[in-house]
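K.L.:
generate coordinates for the sequence data below:
(one chain, ligands or ions: 2)
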Amino acid sequence: MLFRKPRLTAPQTQAAAKQRMLSPSSPFAIREAYNSIRAKLLFTGRGEKCPVFAITSAMMHDGKTTNAVNLSISIASTSKKVLLIDGDMRKPTVHRYFGLENKNGLSEILAGLTNEVKIRKTEVENLHVLTSGQIPPNPAELFGSKQMDNLLAYVKDFFDYVIIDTPPVNLVTDAAILAEKITGYVFVVQSGKNHYYELSYALETVQQMNGNVVGIVLNDVTGKAGSHYGGYRSTYYKRGYYRRGYGRGYYSSYYSGYEVKESTESLTGDKTGDSGGTNQA
Ligand SMILES: Nc1ncnc2c1ncn2[C@@H]1O[C@H](COP(=O)(O)OP(=O)(O)OP(=O)(O)O)[C@@H](O)[C@H]1O
Ligand SMILES: [Mg+2]
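P.N.:
Residues are numbered from 1 along each chain as shown. Ligands and ions are numbered 1, 2, ... in the order given. Now for the predicted structure:
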């Protein structure tokens, strides 16, 4: 096939999202690919009490959320307690994978609107989710806040691993702001879509913030295995391998293309929250 229809939207329904979720019935090649990525992450995080990995990519629709969800499932399957945080406060979708309500989540905690950390159980054993909450006017600022440090310090007492789904590095600054708060980044590269200079620029951005890039996942590799999953494989990022020197601002025109809903739905003053834990899956 010469042309592939671009996938421009995140899954809109739980059913569509579920199709992409890793399960014991996923094709062997897919499970093995995630096992291999997981092994590298577990190795990288060794010695740390609760390693925190942000899943990110250069551009939108590269497969960040799909991989954040599936890596979390993969790690949870080794009996490690995993918390998946939906850190894409601009285009939150993690809740759809697990059929959860997206309220009283990360944005409310970081904005100080609630003191309660509403961590939801999922149907996947050992996997818990903190949804993104309502779309705030200032996601990057919230990520950089002291509350984010406090939240991570708090959850590290309860979990073995924390995985954070984030927005694309070349479009908004949110993911890069986490650089010094986390163990490292896993970059997702969409096979046949991302240009190397997009990746190069994104890698530079997080490195300039002292971020640690622990791996790159090549997503949606076309192959025989897993027709509707595409394929996955991982590779280690080698420092200096990618060409350097693309100026900042190169991607500024893309920024407006990212469906940033800033200020359209600001946080309300709901400080009560529900008693939560709802898992509608
Ligand atoms: N390996 C894959 N095979 C088939 N479809 C995939 C694969 N990875 C992602 N998709 C699909 O591509 C679309 C975008 O994926 P996803 O939402 O994970 O990307 P994203 O990088 O999180 O996007 P955004 O930047 O909008 O947050 C979704 O419809 C998802 O189901
Ligand atoms: Mg996403």
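
K.L.:
wait, what's in contact with residue 147?
P.N.:
Shown in contact with residue 147 (C-beta atoms under 8 Å, 6 or more residues apart in numbering): 109, 110, 111, 112. Yep, even glycine has a C-beta here, placed from its N, CA and C like the rest.

K.L.:
same thing but 7 Å
P.N.:
By C-beta atoms under 7 Å, 6 or more residues apart in numbering, residue 147 lies in contact with 109, 110, 112.

K.L.:
what separation do you get for the second one and ligand 2?
P.N.:
The reference is to residue 110. Remark: distance between residue 110 and ligand 2 (C-beta to the ion, to the nearest Å) = 18 Å.

K.L.:
from the contacts of residue 147, which would you call buried?
P.N.:
In the contacts of residue 147, burial by neighbour count holds for 109, 110, counting by 16 or more other C-beta atoms under 10 Å.

K.L.:
now, which of the contacts of residue 147 lie within helices?
P.N.:
Per DSSP state H, helices hold the following members of the contacts of residue 147: 109, 110.

K.L.:
bridging residues for residue 53?
P.N.:
For residue 53, the beta-bridge partners under DSSP bridges are residue 163, residue 184.

K.L.:
isn't it right next to residue 178, touching?
P.N.:
No. Between residue 53 and residue 178 there is no contact under C-beta atoms under 7 Å: 10.2 Å.

K.L.:
how close does the nearest residue to residue 18 once chain neighbours are set aside sit to residue 14?
P.N.:
Nearest residue to residue 18 in three dimensions, chain neighbours excluded: residue 97, at 6.8 Å (C-beta to C-beta, 6 or more residues apart in numbering). Distance of residue 97 to residue 14, computed by C-beta to C-beta, to the nearest Å: 7 Å.

K.L.:
which one of the two has more residues nearby?
P.N.:
More neighbours surround residue 97 than the other of residue 97 and residue 14, with 28 against 17 (other C-beta atoms under 10 Å).

K.L.:
the helices in the stretch 1-150 of the chain, which residues?
P.N.:
14-19, 28-44, 64-76, 94-98, 106-110, 139-143, 146-155 (DSSP state H, counting those that start in this stretch).

K.L.:
what separates residue 52 from residue 155, distance-wise?
P.N.:
9 Å.

K.L.:
if we can go back for a sec, contacting residues for the residue nearest to residue 18?
P.N.:
Residues near residue 97 by C-beta under 7 Å, 6+ apart: 17, 18, 21, 69.

K.L.:
of the residues you listed, which ones also sit close to ligand 1?
P.N.:
Among the contacts of residue 97, proximity to ligand 1 is found for none (C-beta under 6 Å from any ligand atom).

K.L.:
neighbour-wise, which of the residues you listed leads?
P.N.:
Neighbour counts for the contacts of residue 97, by other C-beta under 10 Å, peak at residue 69, which reaches 29 neighbours.

K.L.:
chain neighbours aside, what residue packs nearest to it?
P.N.:
Per C-beta to C-beta, 6+ apart, closest to residue 69 is residue 97, 5.0 Å.

K.L.:
looking at the stretch 101-250 of the chain, what residue ends up closest to ligand 2?
P.N.:
Here the stretch 101-250 of the chain gets closest to ligand 2 at one residue, residue 165, 6.0 Å apart by C-beta to the ion.

K.L.:
does that residue really touch residue 57, like I thought?
P.N.:
No. If you go by C-beta under 7 Å, residue 165 and residue 57 don't touch, sitting 10.5 Å apart.

K.L.:
which residues do the two both contact?
P.N.:
residue 64.

K.L.:
more neighbours, these two?
P.N.:
More neighbours surround residue 57 than the other of residue 165 and residue 57, with 31 against 28 (other C-beta under 10 Å).

K.L.:
which residues does that one form beta bridges with?
P.N.:
The residues that residue 57 bridges to, once DSSP bridges is applied, are residue 188.

K.L.:
residue 190 versus that one, what's the distance?
P.N.:
7 Å.

K.L.:
name the residues contacting each of the two.
P.N.:
By C-beta under 7 Å, 6+ apart, residue 57 and residue 190 have no common neighbours.

K.L.:
helix or strand: which one has residue 207?
P.N.:
Here residue 207 sits within helix 196-208, counting by DSSP states H and E.

K.L.:
for residue 167, phi and psi?
P.N.:
phi -80, psi 170 (degrees, to the nearest 10).

K.L.:
contact partners for it?
P.N.:
Residues near residue 167 by C-beta under 7 Å, 6+ apart: 88, 90, 91, 174, 175.
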